[in-house]
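Trainee: with the sequence up front, the predicted model follows.
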Amino acid sequence: MDLFDEDVGNISQPSPIALVEAKRERRQPRNQSKPASHEGNAKWLHAHYDPYSTLYTFSSCIALADLHGDGDNKLIIANLGTGKYDMKLKVYKGTTLMTENTIIDLPTAVCTFFMDTHDPRTPAVAVASGPYIYVYKNLRPYFKFTLPPLDVNPVEQDLWNQAKEDKIDVQVLKEMLESLRADGSEGTLTVRSLRFLMLDPEDMPTFANLHKHSPLKRQTVITCMTTLKKSHSEEDAISCLVIGTESKDIYILDPEAFTVLTKMVLPSVPVFLDVTGLYDVEFRIVVSCRNGNIYSLKKGSKAPKYSIELSSQPVGLQRMGKNVVVGCMDQTLQCYTTKGKRLWVLTLPANVMTMELMDYKSRGFKAIMVALDNCEVHVYNEKYLVNTIKTEDIVTGMKFGRFGREDGALVMTTKGGGLIVKILKRNSVFEEKDSRPGPPAAQNQKLNIPKKTKLFVDQTMRERENAVTMHRMFQRDLYRLRLDAARSYVKALETSMTPMSADPLEPLKLSATVNGIGPSFKLTVNLQNTSSATPSINLLITFQYDEKLYQLQRSSIKVPLLVPGLNYAFQTLVECISDKAIADTIKVFVLRKGKSMPIITGNINMPVSEAQVVV
Amino acid sequence: MAESEQDSTVNQEQSAKQVEPDNIQADDEKRPEKDMTDVMRGSSSLLAPEGVQSPPQPQPRPRPKKAPELPIFECKNWLIHQHYIRKEYGLCKSLIKEELQESQGMCEYAIYVQALIMRQEGNIQESLELFQTCSLLNPQSVENLKQVARSLFLLGKHKSAIDVYNEASKMNMKDWEIFHNLGVCYLFLKEYSKAKENLKLAIQYSRHEVSFQMLARVYLLEHDVDMALDIYKRAVEFSPENPDLLTSLGLLYLQTGQFQRAFEHLGNALTYDPVHVKAIMAAGSMMQTHGDFDVALTKYRVAAASTPESAPLWNNIAMCFFGKKKYVAAISCLKRAVYLAPFDWKVQYNLGLVHLTMQQYASAFHYLSAAINIRPKMGELYMLLAVALTHLEDEQNARRAYEQAVLLDQKNASVNLNYCLFLMNHGERKAAVRQFSVFEQKLQEARKHSNSVDQELLDMAARLGPSLHLGENLVWNKQQGADGANSQPPSRAPLPAAHTNDVPPAVDTAVPTAPPAELEPTAPPESDLDALPSPPSHPVEEETDSRREAPRRVAMEAD
């Protein structure tokens, strides 16, 4: 399906709009795509949307290149598959899958570059994966580069050498390696030693025998990769590969011999790389690292010169001329000069997912595209938002460039595994100013103020007329209320009506619970001696209740000696003998033998009894 | 060739590689391809056992000498990081779990990210334990130590955090982050001098807005407003577009009475972030002071959209309406504010004031007494209460409230003028004369410090003064009868001239202007008797309002 070939004649057409619109008509049934109805999408043609492409990839694993030298740019996607298996290098011609190559390990990045000057000018595809770079030519495996190994701890090397010559046995090897690991001063051990130490003792000899003959090496992993033109800046000039590794190094590789041309050391693990310039002349590498800093390296420098310390981790990094634009985890888009001076900060409405440079060469228009997790892609020219694209899903990978024969194509992969292709309309113009309205929208919203009711007005009028009377009435009633409260309190204290004893000689606490739904209830009275040392003796519990309503199994309970601090529970069954649905209060008294005045009183509000079920 | 690498017999890959390219170029393309496919197939089958995460076992292979390649522990770190920065924590956690299973908990970065996620999710104790594991795995890493300290700090264990930071600073002498955090820890431990020292070091190593803010905060805690102002000035110089810094600087200028500069900075803050609530509140209150109620209201609309549950906001909106004489709207808004912040005495004060204006004296009494319960040491509140009580014909309590007001208040001249008026109305001329002289003293003081005094207050004094000395008892007696209640309302009416003094309280000052209009209708009979006496009580109220609002406003913003 030559989706994009239709565009060929279009370039010279006087009225491209009409054609483009007509094309859209034709495309829709084929792609089953929804028409782009959002306002911000008006500048883009919706070319393709397949929500079921099962793509799991990042911006770094997407590339657009003319792989066959026929002027038709293919889409190359390194798919992470399920994250464990099914890793594939997919190449799309138009929107149809052309070839698929299996990749052995998780792909980290994909680059297309020219490695020689042969004709036809077809670029090679480099796929970074683990410690290797797989190079494909004409979509066929061509070469595998392995990262130079790291230095092995000499003691460790020596140990394995001895093991190889059977000078030491497995047990000694294990102990020596363990002490080496605990020491930790010489960096980490090789994977082999670490794995060896993880094994059960009985598996160790077999493992050692299997591995001891192969040379010991410590490898690292590629974390990012990009290209750098070698000596000419033409589109199809030979490029070097620039790779960042887990061992905090940056390597620049010779495209022909695959030797390391330059090695640079960073203070932290690189995450995003951005390279400008020519290797043979002058170049600058801007690299963001896992410690949240951005470093700038120049030709000839072994270590970074300038650093930008960000307040949160960068999610994307792009160069715009001499400035660096970074999207951060704290929902900001920040712009710095390469010397580390901050120029501006924008707060974004949602989290950044990925960033891409929109370099629309035919118009000389450059902008930064930022995919957000609210299903939008924002296009920023300098610090001004010039366009917003709404997408069907959250975009996780983006590439803007020439796809098929269309210069302004935007390829997006989504979180759900979908693939979206949009084409910039040729007539669309991005205004170089802020498209956001001046005052915030909220300024024109009316405040939510409750309206006055007639009742409110009436009451106001009443108060105006009778303020003095109202005040006096209120004051009088307030005094009365206070008096009543005080009186009741004194009375309660005098008659020991409270569940807490006020008498310091009888420090008791009472609580009661009722279980059951009726007509039979279980009444539990909890008594606690709250004194610190004095036990309570000679106590009785008795109940006062309406005998027409309730019948108690034990109307009086003898209380044993109460040890201070412990909680004692006394139970009795209560039978509700009324068939009317009424409930009453049962009073619990705690008495001292020989005294008629209760020490404490508890009021239990009985629940309404359920009717008796006759079986 | 390529195969040789895979055999891993080539330890010196460099040399091998150098040879290879030549070969490749010489060869036709088919050969390398074959090699490569072989390589890929070979290792893919080798990878299978690793997928099951069992340690490589000797396999029945034709070439027993060739050991299977061991996967590298860090090989998925980049993926974990990619998901972490996208905040896809669920995916991240499952990746980390796999990775840790495979490496038996030896993968430092996986643990590190897990700890970061834990902390984001609020499990700080767990994150601390994980970071400690990390620093055990890699004791050389400053980053790990910093994170351990950070978790300790979040748990409130500032002293232990300081210890760990000190240890980290031994490894990296010039890390601003360590010194900044040390400074913050000392700040919480109230060791301000050490806090300052460390924060200054942090700024010296690398300038960051947060360090400036913290340093200014330390100075403010030490009540050194000038130094704080200075720090903010430097911060704004460093980062001229940060609305937070601009607002903080504006507020400090406000506090020091430099209103022009304050407004300039607040305006700048709003240019860079038109929805910055703090700046809107501060700028709005300044506009209210100058009587631009409509402009202030439009600004507040923006704030209301983002913080609809802010009591200070609704209080200010209410006072805008009050200034525009829309009393009912003012009461609705104030009631919303009081619902949101029932213990904010300023809202209660304003409610009392609005109700006084509305002649709802019984309600005013309740709100004012509530305010006094929350803030018992404020003379102006007692004065307003006294005014309410006078209208409620509770002369005895009104007198006690005035006495309390005069006792507590040091600066506000209106308290004395109102009391003087009250005494006049009750025929106690001697006491009234005494209050009047205190009033004049305070007025002199006020003139020395700030040149503008409420015109209404002055008018009232001008009318009251002669009558006191004239000693026309008869006239005054009459007044007291009729005016007692009524005269006070008109007094509220004084002109807004006074606001200028207290710029911050703008909201309240606006309020007083409105009341006179309301009150006057009731007042007319009194005016016949004596126009002079009644006004003072009101101006007093106005003044109080403005004063009290000023502190309140600042406090709110500072929060």
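Mentor: Thanks, I have it.

Trainee: low-confidence stretches in chain B?
Mentor: Scanning chain B for pLDDT under 70 picks out B:1-68, B:450-453, B:469-559.

Trainee: and after the helix or strand encompassing residue A:420, which helix or strand comes next?
Mentor: Assigned by DSSP states H and E, residue A:420 belongs to strand A:419-424. Sequence-wise, the next helix or strand downstream of strand A:419-424 (DSSP H and E) is helix A:454-494.

Trainee: buried sites along the following helix or strand past that next one?
Mentor: Next helix or strand after helix A:454-494 toward the C-terminus (DSSP H and E): strand A:508-515. By neighbour count on 16 or more other CB atoms under 10 Å in any protein chain shown, the buried set for strand A:508-515 is A:508, A:510-512. Heads up, the C-betas are built off the backbone N, CA and C, glycines and all.

Trainee: how about stretch B:233-245?
Mentor: Neighbour-count burial for stretch B:233-245, counted by 16+ other CB under 10 Å, picks out B:233-236, B:238-239, B:241-245.

Trainee: for chain A, what's its nearest residue on the stretch 251-400 of chain B.
Mentor: residue B:305 (3.3 Å; CB to the nearest CB).

Trainee: is it fair to say that residue lies in a helix?
Mentor: Yes. Assessed by DSSP: H, G, I helix; E, B strand; the rest coil, residue B:305 belongs to a helix.

Trainee: how close does it get to residue B:440?
Mentor: 48 Å (CB to CB, to the nearest Å).

Trainee: ditto for residue A:429
Mentor: In this view, residue A:429 and residue B:440 are 72 Å apart by CB to CB.

Trainee: what about stretch B:117-129, start to end distance?
Mentor: 13 Å (CA to CA, to the nearest Å).

Trainee: is it in proximity to chain A?
Mentor: No. Judged by CB under 8 Å from any CB of the partner chain, stretch B:117-129 stays clear of chain A, getting no closer than 10.1 Å.

Trainee: may I see the buried residues of that stretch?
Mentor: Of all the residues in stretch B:117-129, those buried under the rule 16+ other CB under 10 Å are B:117-119, B:124, B:127-129.

Trainee: give me the buried positions along stretch B:132-139.
Mentor: B:132-135, B:137-138.

Trainee: do that stretch and chain A meet?
Mentor: Yes. Stretch B:132-139 is in contact with chain A by CB under 8 Å from any CB, via B:138-139.

Trainee: what's in contact with that stretch?
Mentor: A:184, B:105-106, B:108, B:111-112, B:115, B:141, B:144-145, B:147-148 (CB atoms under 8 Å, 6 or more residues apart in numbering or on different chains).

Trainee: from the chain's centre, how far out does that stretch sit?
Mentor: Using CA atoms, centre = their mean, to the nearest Å, the mean C-alpha position of stretch B:132-139 is found 37 Å from that of the whole chain.

Trainee: send the alpha carbons of it over as CSV?
Mentor: Listed next in CSV are the C-alpha coordinates belonging to stretch B:132-139 (Å, rounded to 0.1, in the frame of the first residue of the first chain):
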residue,chain,number,x,y,z
GLN,B,132,20.2,1.9,53.6
THR,B,133,20.4,-1.4,51.7
CYS,B,134,21.6,0.6,48.7
SER,B,135,24.3,2.3,50.6
LEU,B,136,25.4,-1.1,52.0
LEU,B,137,25.7,-2.4,48.4
ASN,B,138,27.6,0.6,47.3
PRO,B,139,29.1,2.4,50.3
